[in-house]
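K.L.:
With the sequence up front, the predicted model follows.
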Amino acid sequence: FETEEKYFELFDFEFDKEHRAIHSEFVDTVFKFQQEFIEGEVSVTYDLMEFLRKWLIHHILGDDKKYVALFKEKGL
């Protein structure tokens, strides 16, 4: 996420704040799963794996497509 966000700022990506918020929400959710695991409240479950699968597919095929043209225009 750090590399993407660096280019968002550098290239003045119009959806920068929204995309960063999506990243932040993802990180918060993963940390929540981690904390529950550490505390013995959950194990690595289907719910976690399904969350990761759905999020990554949606994010890469949806959210990330919004910056592809801009990054190509800038030579990336």
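P.N.:
Noted; the coordinates are in hand.

K.L.:
Next secondary structure after the helix or strand containing Val30?
P.N.:
Assigned by DSSP states H and E, Val30 belongs to helix 16-38. Going down the chain from helix 16-38, the next helix or strand is helix 46-58, by DSSP H and E.

K.L.:
tell me the mean pLDDT over that next one?
P.N.:
Average pLDDT, helix 46-58: 90.

K.L.:
hang on, the earlier thing: Provide the contact partners of the helix holding Val30 at residue level.
P.N.:
The contact list for helix 16-38 (C-beta atoms under 8 Å, 6 or more residues apart in numbering) reads 1, 4-5, 8-9, 13, 42-44, 48, 51, 55, 59, 63, 66-67. (Glycine included, C-beta is placed from N, CA and C.)

K.L.:
Also compute the angle for it relative to helix 46-58, please.
P.N.:
Angle of helix 16-38 versus helix 46-58, following axes from the mean of the first three to the mean of the last three C-alpha atoms, to 10 degrees, is 160 degrees.

K.L.:
just use 411 as the starting number from now, easier for me
P.N.:
Right, with 411 as the first residue, what we last looked at is helix 426-448.

K.L.:
Closest to the centroid, which residue in this protein?
P.N.:
Centroid check for the chain by C-alpha atoms, centre = their mean gives His433 as the closest residue, at 3.8 Å.

K.L.:
Can you check what pLDDT the model gives that residue?
P.N.:
96.

K.L.:
now swap in Lys442 and tell me
P.N.:
91.

K.L.:
Return the distance of it relative to His433.
P.N.:
Taking C-beta to C-beta, to the nearest Å as the measure, Lys442 falls 15 Å from His433.

K.L.:
Kindly report the same for Thr439.
P.N.:
Counting by C-beta to C-beta - Thr439 and His433 are separated by 11 Å.

K.L.:
Check Phe418 too.
P.N.:
10 Å.

K.L.:
Now the residue of the chain most remote from its centre, what are its backbone angles?
P.N.:
Ranked by distance from the centre of the chain (C-alpha atoms, centre = their mean), the top residue is Gly450, with 25.8 Å. Backbone dihedrals for Gly450, given as degrees, to the nearest 10, come out at phi 80, psi 10.

K.L.:
And Phe423, by the same measure?
P.N.:
Torsion angles, degrees, to the nearest 10, at Phe423: phi -60, psi 120.
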